[in-house]
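J.: below is the structure, and that's it, no one-letter string:
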């Protein structure tokens, strides 16, 4: 998962929009620190706006299932860059639109 980001990429979880995680190493550490749990993100209505040959922006609607908890409805706002490794997230910001 962390390798989908640039080395200095920024990830903001939908459930923690004010706590950005900065850098691929920090993103990997954040995922490893989470206790195992069953989750599923369903992303739809994905729109990608190609800005030029090496940058793009995207937006998608998201439905998050976390085991027995009430599903959450939110969105992702993304920025992409073309790197030597291919297209990567330079920024992925999640937010919750409808909370229980």
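T.: That came through, no problem. Every value quoted in this text rests on a predicted model; they were computed, and no experiment measured them.
J.: the helices in the chain, which residues?
T.: Secondary structure of the chain (DSSP state H): helices at 24-33.
J.: so which residue is smack in the middle of it?
T.: By C-alpha atoms, centre = their mean, the chain has its centre lying nearest to residue 92, at 4.2 Å.
J.: so it bridges to which residues?
T.: In this entry, residue 92 is beta-bridged to residue 11, residue 78, by DSSP bridges.
J.: could I get the full set of strands for the protein?
T.: Secondary structure of the chain (DSSP state E): strands located at 5-12, 21-22, 40-50, 55-65, 72-83, 86-98.
J.: looking at these, which is closest to residue 30?
T.: strand 21-22 (5.0 Å; C-beta to C-beta). Heads up, the C-betas are built off the backbone N, CA and C, glycines and all.
J.: which residues touch the closest one?
T.: 8-13, 27, 30 (C-beta atoms under 8 Å, 6 or more residues apart in numbering).
J.: which one among the residues you listed gets closest to residue 70?
T.: Of those, the one sitting nearest to residue 70 (C-beta to C-beta) turns out to be residue 13, at 16.9 Å.
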